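[1] below is the structure, and that's it, no one-letter string:
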DNA sequence: CCATCCCGGTGACCCAAGTCACCAAAATCC
DNA sequence: GGATTTTGGTGACTTGGGTCACCGGGATGG
C-alpha cells in the first residue's frame, strides 16, 4: 500500500518528498493514536483503515465527531503540528490502520514547494470544518431518533457494509446517550422496517 | 483606523501589500455580511466592530457559533475563498463594523510571500476550530442553564461591558431555545444573585 | 390619547430522553 | 459445567425544557 493509490492528486515529486522523510506507522484496532492534551508534532495521513475522532468531556462522556478513512488527513493534527500545540480531541483506530506521519518541518517545506500539497491542506480544512458544522446541526436541531438514523447510515457508508457490528452500548457512547434510549429507538426503527436487529449487530434495510 | 493597530504581528511590507490591493468595506449594525449558500471570493479581516457567525437550520432555527472582533479573520471565508465555494454559515454585523476584503489571488500571493501571513492563517484556523469544539462541548454535554451562563459571560467579555443589551427573545434565538425558557432561567440566576434584570438588559454581577 | 406592538412573567401541560430496576439469553471465564 | 459478564428488552418514574395561554406594563406611532 503506498501513497499514490490513496492520494492520487499528488504529483510524483511530492510523493517522493513525503516518502523520503515521513514515517509510516501502523496501529492495531482500538489503539489510541492521539489523546486530549497531547502535544502533536506530526500531521497524520491515512493510508488504510479507519480512525474515529471524538471529544471527551470532563465527566467521562464522549461524543463522536467524525471518521477518517484512506486518503483523508487529520486537520487537527495539521493545525496542532504547525503550532506545536496540544490536541483537543481523541483519535482511536477503529480497525487496523496504517498512516504516514509528516513531521512539522517537512510539512512547512511541502507547503511552499508544492501547490498540490497546499491545496490538499486547504481541502482538508474545508472537509473537517464542514463535518463539524454537520455535527453542530444535528446536535442543535435534531432529535435523538434522527441522529441515530444518521449515525447508522454514515457508519454503513464509511464501512461499505449494511451490517453494523456495534453493540447498543457502543452506539450510545458515540451519541452520548444511554443504552436504553438506543435500544428503544432501534426497536422503533425495526417496527418501521428500517433496520433488522441481531445480537451485536444492526442490519440496515 | 488601519491595519497596523489591529494586526500588530504583520510586518510593514505585508501591511503595504494588503493595503494596496485589498478593499476596505463598512457594514451597518444588523447588515448581512455573508449568507448561507453564497459564493465567497474574499477573506474578511475585521478592523472594528463585531460580527456574529451563526448557523441556520432548514426550519428557520438559528444557532450562534461565535463572534469575530478587531484583529480576527473569518476562517470560513478563507477556506471558501481559496476554493471559491459557498459559505455554510451566516455572518451579520452586530454593530457598525469595518473590514478589509482580501481577494483570492492576493491571498495566495501573501501565503507564499509572507511567513507572518501564513502563520496568521494557521492561527485563525486553530482559533475557529477550537471555538467550534467549545460549541460542540456545550451543546453536547451541558444543560441550558450552563449554556446561558456561558453565553452571557462571553457576551460581556466580547463587549467589555457588564450590561448586556439584549431582549430575552434575542438570547433565546442565539441559543436556539424559547423565550419562556430564557426568562425562567434568568429569573433563577437573579435569585442566585448572578445577574440583575432590567428591561432589554441583563446586568452581570 | 388611544391602539398596537414588543417585552417579560408565569401557570399548566406535554414530550423526549435520562434513570432505575429488573429480567432473560448469550457469551466468556474459571 | 457452573459462575459471571455482556447484551438487549422493558416497565415505571423523573426531569429538562418546549409549548400554549394569558396578562400587564412599557414603548411606539398615527
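    Received it, and whenever you're ready, just let me know what you need. Note that the coordinates shown come from a computational prediction; the quantities given were computed from them, not determined experimentally.
[2] which stretches of chain A form helices?
    A:3-6, A:12-21, A:75-83, A:104-113, A:115-141, A:144-159, A:168-175, A:179-191 (DSSP state H).
[3] including mean pLDDT, could the ones you listed go into CSV?
    Formatted as CSV, the helices of chain A follow (pLDDT from 0 to 100):
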stretch, mean pLDDT
helix A:3-6, 86
helix A:12-21, 94
helix A:75-83, 86
helix A:104-113, 90
helix A:115-141, 93
helix A:144-159, 96
helix A:168-175, 96
helix A:179-191, 97
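[4] ok, now which ones touch the residue nearest to residue A:53 when sequence neighbours are not counted?
    Nearest residue to residue A:53, sequence neighbours excluded (CB to CB, 6 or more residues apart in numbering or on different chains): residue A:65, at 4.9 Å. Every residue, glycine included, has its C-beta placed from N, CA and C. Residues in contact with residue A:65 (CB atoms under 8 Å, 6 or more residues apart in numbering or on different chains) are A:53-55, A:89, A:131-132, A:135, B:136.
[5] counting neighbours, which of those comes out on top?
    Within these, most neighbours by other CB atoms under 10 Å in any protein chain shown means residue A:53, with 23 neighbours.
[6] need the residue closest to the centroid of chain A.
    By CA atoms, centre = their mean, chain A has its centre lying nearest to residue A:67, at 2.1 Å.
[7] what residues does chain A have near DNA strand D?
    Taking CB under 7 Å from any atom of the strand as the measure of proximity, chain A contacts DNA strand D at A:167-169, A:179-180, A:183-184, A:186-187, A:197, A:199-201.
[8] can you pick out the most distant pair from these?
    A:180 and A:201 (18.7 Å; CB to CB).
[9] coming back round to it: isn't the residue nearest to the centre of chain A right next to residue A:54, touching?
    No - using CB atoms under 8 Å, residue A:67 makes no contact with residue A:54, being 9.8 Å away.
[10] which residues of chain A lie near DNA strand C?
    A:143-145, A:177-178, A:180-181, A:185, A:199.
[11] what about 6 Å?
    A:143-145, A:177-178, A:180-181, A:199 (CB under 6 Å from any atom of the strand).
[12] which of these lies at the shortest distance from residue B:96?
    Nearest to residue B:96 among the residues of chain A next to DNA strand C, counting by CB to CB, is residue A:143 at 39.4 Å.
[13] which ones are touching that closest one?
    Contact analysis of residue A:143 by CB under 8 Å, 6+ apart lists nothing.
[14] now it: phi and psi?
    Main-chain dihedrals, residue A:143, degrees, to the nearest 10: phi -90, psi 170.
[15] residue contacts, residue A:70?
    So residue A:70 contacts A:6, A:46-49 (CB under 8 Å, 6+ apart).
[16] in PyMOL, select just the buried ones from the residues of chain A next to DNA strand D.
    Buried members of the residues of chain A next to DNA strand D can be picked out in PyMOL with the line below, counting by 16 or more other CB atoms under 10 Å in any protein chain shown:
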select buried, chain A and resi 168+186
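[17] and which of the residues of chain A next to DNA strand D is nearest DNA strand C?
    residue A:180 (4.0 Å; CB to the nearest atom of the strand).
[18] list the buried ones in stretch A:80-90?
    A:80-82, A:87-90.
[19] same question, stretch A:12-32
    A:14-15, A:17-18, A:22, A:27.
[20] how about residues contacting that stretch?
    By CB under 8 Å, 6+ apart, the list of residues contacting stretch A:12-32 from outside reads A:2-4, A:7, A:10, A:33, A:42, A:45, A:47, A:49, A:90-103, A:106, A:109-110, A:113-114, A:116-117.
[21] filter the residues you listed down to the buried ones.
    For those, buried by 16+ other CB under 10 Å: A:3, A:7, A:10, A:33, A:42, A:45, A:47, A:49, A:90-94, A:97-102, A:106, A:110, A:114, A:117.
[22] just the ones of these in strands?
    A:33, A:42, A:45, A:47, A:90-93, A:97-102 (DSSP state E).
[23] for chain B, state which of these is nearest.
    The closest of these to chain B turns out to be residue A:90 (CB to the nearest CB; 11.8 Å).
[24] so what's that closest one bridging to?
    residue A:54 (DSSP bridges).
[25] that one contacts residue A:36, doesn't it?
    Yes - applying CB under 8 Å, one finds residue A:90 in contact with residue A:36, separated by 5.7 Å.
[26] name the residues contacting each of these two.
    With CB under 8 Å, 6+ apart as the test, residue A:90 and residue A:36 both reach residue A:56.
[27] can stretch A:33-48 be said to contact chain B?
    No - on the criterion CB under 8 Å from any CB of the partner chain, stretch A:33-48 is out of touch with chain B, staying 10.4 Å away.
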